[in-house]
Every structure is written in structure tokens, then in C-alpha cells.
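1. here you go, sequence then predicted model.
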Amino acid sequence: MTGNETNQQAGRRPPVAEALDALFDPETIAVVGASRTRGKLGQQVLALLRSNGYAGRIIPVNPSGGEIEGLPAARSLEEIDCPIDVVILATPVNIALDALETCARLDVKAVVGVTSGFSEAGGDGHANEARLRRILRDAPFRLIGPNCEGVVRPAANLQLTFSPMFNGLRPGPVAMISQSGALAGLMALRLGERGVGINAIVSSGNESDLTAADLLEHLGNDPQTAVVLCYVEELRDGRRFAEAARRLVQAGKHVVAVKGGRSRAGSRAVQSHTGAMAGDDRVISAIFRETGVIRAQESVAAVDAVTALAAGRRPAGNRVGIISVTGGLGVEMTDLAESAGFEVPVLAETTQQALSQYVPFYGSVTNPVDLTGVVLANPTYVGRCLAAVAADPGVDIAIAIITFVPDQQFIEALAEAYEGTDKPVLIVWTGAARSSASGDSLRDRAVPVYDSPARAASGLTALLPMKGEVR
């Protein structure tokens with residue numbers, strides 16, 4: 001018996017919290033399927049773990065032994081002479097199942113299975129799923145996946161995945177649970193571009209063991225988490241998910257969810273993706289409304305919602321003040337806000353007087369405020385006008401709309417105005433793609449920035465979700 005073997009108690013599964021604590025802050029990770037061949041899953045997992053600065057012990061596992069990525073490799077899990085916090089399986093399905101049986105005899109706390117070929121595959125996949133469930137019945141570890149993209153936790157420099165889409169994320173208040181790895185990558189990339197920090201990301205895949213409900217409960221209870229973003233195709237433990245969501249919302253946190261498989265064809269596609277049954281969409285919507293979950297119709301709208309919520313500012317009401325460097329965009333934002341149930345009231349007389357110092361007579365100071373092109377010659381004006389609107393006692397949320405800005409002073413002025421108020425502030429920057437280098441002042445402060453009024457409307461609706469849904 002090696003130093004890594006343990007006497008397991010038959011029939012006793014370990015507590016979820018214990019396994020997930022080890023998963024998110026591991027001291028030792030074994031990569032089964034580690035490879036010297038570029039492009040293979042095991043090689044990519046190992047390379048990303050190393051390149052992202054993970055400081056714990058990494059043990060490649062490969063039957064040939066030797067050295068991989070500069071690390072001594074074990075020929076098998078049994079050769080490892082210390083407790084293993086996390087095993088990641090990046091092998092063909094039969095080898096992965098053999099490794100899981102080995103894990104069941106060792107001191108392993110959590111396993112991440114990026115391997116596919118289970119219930120989602122049909123045919124032989126059902127036999128593999130049956131064998132997997134027999135192993136899990138008494139296993140002393142908990143499993144993420146299989147058929148998933150892995151786990152990411154920026155604060156621990158943990159990149160336990162084969163996908164580079166999660167590179168460069170900063171720590172922050174958002175936790176993500178996704179039954180689709182690709183959508184997790186898309187949403188993480190968009191949030192990262194906006195400066196929104198991530199606490200943890202779990203691509204949960206088939207959820208043969210740990211479910212979205214388990215993850216929601218654990219990640220939501222983490223004091224570092226303020227918003228949980230979920231992509232689900234099936235709620236495998238719907239009652240527990242709903243109860244966990246309700247508790248988090250009652251505690252002042254937010255849950256944003258995208259539910260895949262709403263349509264008939266989408267429901268059919270879900271079964272071939274994760275092997276899940278999508279469930280009745282009307283029932284899901286009702287559960288979300290009752291528990292306070294904010295439902296997004298698609299992943300980009302979900303990112304828009306989370307961007308606004310992650311700033312941590314709550315509006316006192318539904319009154320919106322809008323400033324814009326062009327009249328048309330201000331009108332469009334006004335229409336979208338009112339369509340979503342918000343008010344765009346006439347600003348107070350004192351606010352209008354303050355604005356009149358910067359807005360020419362051919363502009364407008366009522367709401368929306370039309371700054372006109374005069375601000376192009378006076379970069380600080382836009383910040384002063386935003387500050388004046390945010391200070392109006394009849395405004396609960398302020399929105400500033402800019403196009404292409406030729407001067408870094410515009411961005412600095414907006415950032416200073418944002419820091420000068422505790423009210424929610426959204427920035428619509430339609431020229432951001434061409435001016436991204438000058439947006440660091442906004443990203444560093446995680447100011448909610450959108451590239452169109454429509455995207456900002458999704459964020460706005462999430463701040464005060466009267467309908468419980470964002471589009």
C-alpha cells in the first residue's frame with residue numbers, strides 16, 4: 001500500500017463543500033493524460049496550468065513516465081506518494097473510467113472530467129455512463145463533469161482547462177456555472193474585456209455527480225461572490241437550485257440565468273449536447289420569477305446584466321437620467337428605457353441650470369440631455385454633465401452615451417464622474433472597438449460599458465428587474 005492509499009468508508013460520499021474547497025484552492029493536481037504532443041487535451045491542460053502561474057504541485061501522469069513540460073511524470077496515479085487534491089482526466093473514455101476506479105482507492109478529493117463519450121453520446125455512451133455511476137456510488141471523491149471544459153479560479157491562478165479563452169481574467173465578484181464549456185468561454189471573455197472580475201468558473205458538463213444546484217449553493221455562499229451567472233440546459237435538481245437561488249437573492253446577491261433548450265429544436269439539441277432533458281420552459285420561467293432569478297434570453301444579454309450588477313451599486317428607484325453627445329442615440333436609449341418600465345423624467349431646474357453652463361442653446365438640458373458636438377472641443381464637459389445628472393435628486397440611474405472619442409481626457413472625465421457618485425452609472429461607448437486602448441480607466445474601475453443602447457438596456461433592466469427577464 002502506498003502513502004496515497006486510504007481506507008474509504010463504503011457508501012459514504014464526501015461532503016460537497018469539502019471537495020469544492022479543495023477544488024478551488026488545491027495544493028496538488030494530477031493531470032491524467034498529460035502528453036508531450038502539442039494539441040492533445042492533456043498537453044493543453046498542463047501548459048495552461050503552468051503558463052497561468054499556478055503555484056501548487058503539478059504531477060503529469062503518463063504511462064511512459066519521464067519528464068513532461070519540465071515536470072517529472074508519474075506512470076500511474078498509484079505511483080504518486082502524496083495526497084492528491086484534484087485529478088483532471090484528459091484521456092479517451094475507457095482510460096478515464098479506469099482512472100476513476102483508481103481514484104476511488106486513493107486519497108483524492110475532487111476529479112474534473114473533460115473526457116466525453118458518456119450519456120451525451122448515445123449508443124456506447126450509455127454503457128459508459130452506467131459504469132461511471134457504479135464508480136460514483138461509493139466514491140470518496142466528487143466529480144465535475146464529465147464532458148466539461150474544466151474549472152478556473154483567477155485568485156489562485158488556477159486554469160484547470162484545455163481552453164485558452166479563460167486566460168487573463170482578473171479576480172472579482174462574479175461566479176459562473178455553465179453546462180456548456182464554449183458558452184462559459186464566450187461569457188468569460190466578454191466579461192474580462194469589460195474589466196469584470198471573476199471569482200470562479202465551473203464548466204459542469206453532464207453533471208453526473210455535482211450539479212448546478214450544488215455549485216450555486218457553494219459559490220453563492222462564498223463571501224467573494226456577489227453575482228452568480230448560470231447557463232443551464234436542464235435543472236437536474238430543480239428544487240434545490242430554486243431554494244439556493246432564493247436564499248442568495250434574499251441575502252442581497254444576484255443570480256442571472258440563461259436557460260438553453262427553450263424551443264422544440266433547441267430541446268432536441270440539448271440531449272445530444274449534455275444528455276439532458278430540457279424540461280418545460282414555462283415551469284422554468286415561473287421558478288425563476290418566484291425565486292428572484294434574473295433570466296436572460298441569451299448569453300450576451302446575460303453578460304450585459306452581469307456587467308451592471310457586478311459594479312455593486314443598487315438604484316433607489318427606476319428614474320433614469322441620460323446624457324448623449326448625439327441626439328439620436330439619446331432618443332433611442334430613452335425609448336428602450338421606457339419600454340423596459342423605467343422613467344426618464346424632466347431634470348430638476350437646478351440641474352438644468354448647471355448643465356446650461358456646458359450645453360449650447362441648440363442642445364437640450366431636459367432629459368435626455370443632448371450635449372451636441374461641442375464636447376469634442378471640451379473633453380471635461382462630458383464628465384461635468386454626467387456628475388450633474390447623477391447628483392439630481394430625481395435620478396436613480398445615470399447613463400452617458402459617447403461615440404468615437406479622440407482624447408483620453410473624455411474617458412478620465414467619465415471615470416472621475418463615476419467615482420464621484422454612489423448611484424449606478426452605465427456608459428454607452430459606440431466607438432469602443434476603435435478606441436479600446438483608451439478605455440483602461442473604465443476597465444480598471446469595472447465601470448459598466450456597452451457598445452450600444454440595446455446592450456445597455458439589458459444591463460439597465462437587470463438593475464431593477466421588474467419583469468424578471470432581460471433580452
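-> That came in fine, so what should we check first?
2. avg pLDDT for the strand or helix carrying Arg239?
-> When secondary structure is defined using DSSP states H and E, the element that contains Arg239 is helix 238-250. Taken as a whole, helix 238-250 has an average pLDDT of 94.
3. now the element after it, going C-ward?
-> Tracing the chain C-terminally past helix 238-250 and defining elements by DSSP H and E, one meets strand 254-259 next.
4. that next one pairs with which strands, and in what direction?
-> Using DSSP bridges, the neighbouring strands of strand 254-259 in the sheet come out as strand 227-232 (parallel), strand 294-296 (parallel).
5. relative to helix 238-250, how tilted is that strand?
-> Angular relation of strand 254-259 and helix 238-250 on a 0 to 180 degree scale: 140 degrees, by axes from the mean of the first three to the mean of the last three Cα atoms, to 10 degrees.
6. picking up where we left off before, for the helix holding Arg239, the distance to its chain's centre please.
-> Distance, stretch centre to chain centre, for helix 238-250: 18 Å (Cα atoms, centre = their mean, to the nearest Å).
7. so which elements touch it?
-> When contacts are defined as 3 or more Cβ pairs under 8 Å, 6 or more residues apart in numbering; DSSP states H and E, helix 238-250 sits against helix 212-221, strand 254-259, helix 281-291. (Glycine included, C-beta is placed from N, CA and C.)
8. can you put the ones you listed in CSV and add mean neighbour count and distance to Leu136?
-> Listed next are these as CSV, based on neighbours: other Cβ atoms under 10 Å; distance: least, Cβ to Cβ, whole Å:
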stretch, mean neighbour count, distance to Leu136
helix 212-221, 23, 13
strand 254-259, 25, 26
helix 281-291, 16, 26
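9. adding mean pLDDT and distance to Gly70, write these out as TSV.
-> Formatted as TSV, these follow (pLDDT from 0 to 100; distance: least, Cβ to Cβ, whole Å):
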stretch	mean pLDDT	distance to Gly70
helix 212-221	96	33
strand 254-259	96	40
helix 281-291	86	48
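10. of the ones you listed, which is nearest Val344?
-> Taking Cβ to Cβ as the criterion, Val344 comes closest to strand 254-259 out of the helices and strands packed on helix 238-250, the separation being 24.3 Å.
11. so what touches that closest one?
-> With contacts defined as Cβ atoms under 8 Å, 6 or more residues apart in numbering, strand 254-259 is touched by 183, 216, 220, 226-233, 245, 248-249, 281, 284, 288, 291-299, 301-302, 305-306, 309, 462, 470.
12. the helices and strands packed on helix 238-250: which one's closest to Gly321?
-> Ranking these by their distance to Gly321 (criterion: Cβ to Cβ) puts strand 254-259 first, at 23.1 Å.
13. ok, back up a step: reformat the helices and strands packed on helix 238-250 as a markdown table; add distance to Gly42.
-> Below are these laid out as a markdown table (distance: least, Cβ to Cβ, whole Å):
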| stretch | distance to Gly42 |
| --- | --- |
| helix 212-221 | 25 |
| strand 254-259 | 30 |
| helix 281-291 | 37 |
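14. what's the closest of the ones you listed to Val112?
-> When the helices and strands packed on helix 238-250 are ranked by proximity to Val112 (Cβ to Cβ), helix 212-221 comes first, at 12.7 Å.
15. which elements pack onto that closest one?
-> Applying 3+ Cβ pairs under 8 Å, 6+ apart, we find helix 212-221 packed against helix 16-24, strand 171-178, strand 198-203, strand 227-232, helix 238-250.
16. please repeat the previous calculation with a cut-off of 6 Å.
-> Here helix 212-221 is seen to pack against strand 171-178, strand 227-232, helix 238-250 when contacts are counted using 3 or more Cβ pairs under 6 Å, 6 or more residues apart in numbering; DSSP states H and E.
17. hang on, Ile29 in a strand?
-> Yes - assignment of Ile29 by DSSP: H, G, I helix; E, B strand; the rest coil places it within a strand.
18. and the strands in the stretch 251-400 of the chain?
-> Using DSSP state E, counting those that start in this stretch, the strands found in the stretch 251-400 of the chain span residues 254-259, 294-296, 320-324, 369-370, 397-402.
19. want to throw those into JSON lines with distance to Gln408?
-> Formatted as JSON lines, the strands of the stretch 251-400 of the chain follow (distance: least, Cβ to Cβ, whole Å):
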{"stretch": "strand 254-259", "distance to Gln408": "32"}
{"stretch": "strand 294-296", "distance to Gln408": "33"}
{"stretch": "strand 320-324", "distance to Gln408": "19"}
{"stretch": "strand 369-370", "distance to Gln408": "23"}
{"stretch": "strand 397-402", "distance to Gln408": "13"}
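20. low-scoring pLDDT stretches of this protein, where are they?
-> The model of the chain has pLDDT under 70 over residues 1-12, 261-279, 406, 432-438, 466-469, 471.
21. center of it, which residue is that?
-> The residue at the geometric middle of the chain, judged as the C-alpha nearest the mean C-alpha position with Cα atoms, centre = their mean, is Met176 (3.8 Å).
22. what sits against that one?
-> Going by Cβ atoms under 6 Å, 6 or more residues apart in numbering, Met176 touches 201, 229.
23. let's see 10 Å
-> With contacts defined as Cβ atoms under 10 Å, 6 or more residues apart in numbering, the neighbours of Met176 are 152, 166, 183-184, 187-188, 191, 198-203, 215, 219, 227-231, 256, 302, 306.
24. separation between it and Ile399?
-> Here Met176 is placed at a distance of 26 Å from Ile399 (Cβ to Cβ, to the nearest Å).
25. swap in Glu79?
-> Summarising the geometry, the distance separating Glu79 from Ile399, computed by Cβ to Cβ, is 60 Å.
26. those two: who's more crowded?
-> For Glu79 against Ile399, the residue with the higher neighbour count under other Cβ atoms under 10 Å is Ile399, and the figures read 31 against 13.
27. before we move on, back to that, which among the helices and strands packed on helix 238-250 is found nearest to Val16?
-> In this view, the helices and strands packed on helix 238-250 are compared for proximity to Val16 by Cβ to Cβ, and helix 212-221 is the closest at 5.0 Å.
28. now Ile427, nearest residue through space, not along the chain?
-> Val449 (4.6 Å; Cβ to Cβ, 6 or more residues apart in numbering).
29. and if you look at Gly56?
-> Excluding its sequence neighbours, the residue lying closest to Gly56 (Cβ to Cβ, 6+ apart) is Glu27, at 4.9 Å.
30. quick check: that neighbour vs Tyr54, distance?
-> Taking Cβ to Cβ, one finds Glu27 at 11 Å from Tyr54.
31. tell me the secondary structure for Pro60?
-> Taking three-state DSSP as the rule, one finds Pro60 in the strand state.
32. next: the one 4 residues further on.
-> Local secondary structure at Ser64 is given as coil here, using three-state DSSP.
33. test my guess that it contacts Thr37.
-> No - counting by Cβ atoms under 10 Å, Thr37 is not a contact partner of Ser64; they are 11.5 Å apart.
34. before we move on, the earlier item: which one of Glu27 and Tyr54 is surrounded by more residues?
-> Neighbours of Glu27 and Tyr54, each counted by other Cβ under 10 Å, are more numerous for Tyr54; the result is 18 against 13.
35. according to the record, where do the domains of this protein fall?
-> With automatic domain parsing as the criterion, the domains of the chain are listed as 1-147, 169-310, 316-456.
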